[in-house]
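>>> A structural model of the following input is requested.
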Amino acid sequence: MTHAIRFHKTGGPEVLVWEEVSVAKPGPGEARIRHTAVGLNFVDIYNRSGLYPAQLPSGLGSEAAGIVEEIGPGVTDLKPGDRVAYGASPLGAYSEARLIPADRLLKLPDGVDDKTAAAMMLKGLTTQYLIRQTYRVKAGDTILLHAAAGGVGLILSQWAKHLGATVIGTVSNDEKAKLAKAHGCDHVIIYTREDFVKRVDEITGGKKVPVVYDSVGKDTFLKSLDCLAPLGVAALFGQSSGAVEPLNLGLLAQKGSLYVTRPTLFTYAAKRESLVAMAGELFDVVKSGAVKIEVHQTYPLKDAAKAHADLAARKTTGSTVLLV
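Below is the predicted model of the structure:
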């Protein structure tokens, strides 16, 4: 039998249970894969807590790497034995093996190992759409990035730096400040003791920034708007501190005809050709060494509840992988 982490009710980390599951033969357009490494992401907490509703009982996780065991009818670009990874799939990555729509799978290039792939697919593809599509970062831009020492943060700051941008990052403590600085942040603001709006104003000489990448939400969002230059973009791609209150759209006019977007990877990667193109760009910057993926924590998959507790308590930095 195969094991998986599942939850039968929403709640804290304690609702996660390690249980036996059966995995059927793949149907049309499906593949069966055996996981080797699974990515941990903040969105997993949103799913588990019920903030993003799932049909219960449910599996968890949408990022992993592994090996194709079997393919269903109609799958032409994969074969058993292929090394694959994914970062945008139906829930169910927290498992030893699973069925998955084959069009979500990406073949891993040589030079990208399974643990690295599990750490970078969701976060790296998220970074790709944020800095290449939501707002296309270009040389000479100065950008603001919250949670700069987080999983997306460490990838986004390196990639933006590679594109020629100046990166201002916010973090919660000195240890995370060091980490952010080492991964491409030109200026680091410790928001627990500094006013980041004031510091952004000082750093930019009053010009402010064309884009803010905000995954924190409630605690930062309105202040993020105050950091934007006229016509600037607030890209709210997470809410680790809680949901943003309903927004009076008149504020966007007052603060300089601003744009606000709440993007998700699932929208940007919905089409197979988009997903493949995004992954191609990600693999290129990782293989070239421009973006280094570092796994800072690993846990056995069956200890996912502890990993969730540590992530929520801000005890982790960068990427965390659950090993199968």
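>>> roughly how far does Gly206 sit from Lys198?
11 Å (Cβ to Cβ, to the nearest Å). The C-beta positions use only the backbone N, C-alpha and C, and glycine is treated the same way.
>>> and Phe42, by the same measure?
27 Å.
>>> which of the two has more residues huddled nearby?
Taking neighbours as other Cβ atoms under 10 Å, Phe42 and Lys198 compare with Phe42 leading, 19 against 13.
>>> residue ranges of the helices in this structure, please?
Along the chain, the stretches classed as helices by DSSP state H are 42-49, 114-129, 151-162, 174-182, 196-203, 221-225, 250-254, 265-268, 272-287, 304-312.
>>> now those helices in CSV, with mean pLDDT and distance to Asp77?
Below are the helices of the chain laid out as CSV (pLDDT from 0 to 100; distance: least, Cβ to Cβ, whole Å):
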stretch, mean pLDDT, distance to Asp77
helix 42-49, 93, 27
helix 114-129, 95, 18
helix 151-162, 96, 27
helix 174-182, 95, 38
helix 196-203, 98, 45
helix 221-225, 97, 41
helix 250-254, 97, 44
helix 265-268, 94, 21
helix 272-287, 96, 10
helix 304-312, 95, 31
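>>> want to try TSV for those, with distance to Ser241 as columns?
Formatted as TSV, the helices of the chain follow (distance: least, Cβ to Cβ, whole Å):
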stretch	distance to Ser241
helix 42-49	11
helix 114-129	18
helix 151-162	15
helix 174-182	15
helix 196-203	14
helix 221-225	9
helix 250-254	19
helix 265-268	20
helix 272-287	27
helix 304-312	11
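>>> contacts only, for the nearest residue to Trp18 once chain neighbours are set aside.
In space, and not counting its chain neighbours, Trp18 is closest to Lys302: 4.5 Å by Cβ to Cβ, 6 or more residues apart in numbering. By Cβ atoms under 8 Å, 6 or more residues apart in numbering, the contact set of Lys302 is His3, Ile5, Trp18.
>>> please name the bridge partners of the second one.
So that's Ile5. Trp18 (DSSP bridges).
>>> count the neighbours of Trp18 for me.
Neighbour tally, Trp18, other Cβ under 10 Å: 15.
>>> that one touches His3, doesn't it?
Yes. At 5.9 Å, Trp18 and His3 qualify as touching, with contact defined as Cβ atoms under 8 Å.
>>> how much space between the residue positioned nearest the centre of the chain and Ala97?
Central residue of the chain (Cα atoms, centre = their mean): Lys123, 3.1 Å from the mean position. As defined by Cβ to Cβ, Lys123 lies at a distance of 23 Å from Ala97.
>>> likewise Val197?
Taken as Cβ to Cβ, the span from Val197 to Ala97 is 48 Å.
>>> list the contacts of Ile199.
I think there's a mix-up here, since residue 199 is Arg and not Ile. Counting by Cβ under 8 Å, 6+ apart, Arg199 touches Ile168, His187, Ile189.
>>> domain assignment for the chain?
The record's domain parsing of the chain by the TED database lists 2-122+266-323, 135-262.
>>> and stretch 162-176, C-alpha only, in CSV?
C-alpha atoms of stretch 162-176 as CSV (Å, rounded to 0.1, in the frame of the first residue of the first chain):
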residue,chain,number,x,y,z
HIS,A,162,20.0,39.1,-12.7
LEU,A,163,17.6,41.2,-14.8
GLY,A,164,19.4,44.4,-13.7
ALA,A,165,16.9,45.6,-11.1
THR,A,166,17.7,47.1,-7.7
VAL,A,167,15.9,45.1,-5.0
ILE,A,168,14.5,46.5,-1.7
GLY,A,169,13.5,43.6,0.6
THR,A,170,11.7,43.5,3.9
VAL,A,171,12.3,40.9,6.5
SER,A,172,11.4,40.4,10.2
ASN,A,173,14.9,39.9,11.9
ASP,A,174,18.6,40.2,11.5
GLU,A,175,19.2,36.6,10.5
LYS,A,176,16.8,36.9,7.6
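>>> Ser95 reaches Glu19, doesn't it?
No. Ser95 is not in contact with Glu19 according to Cβ under 8 Å; the separation is 10.2 Å.
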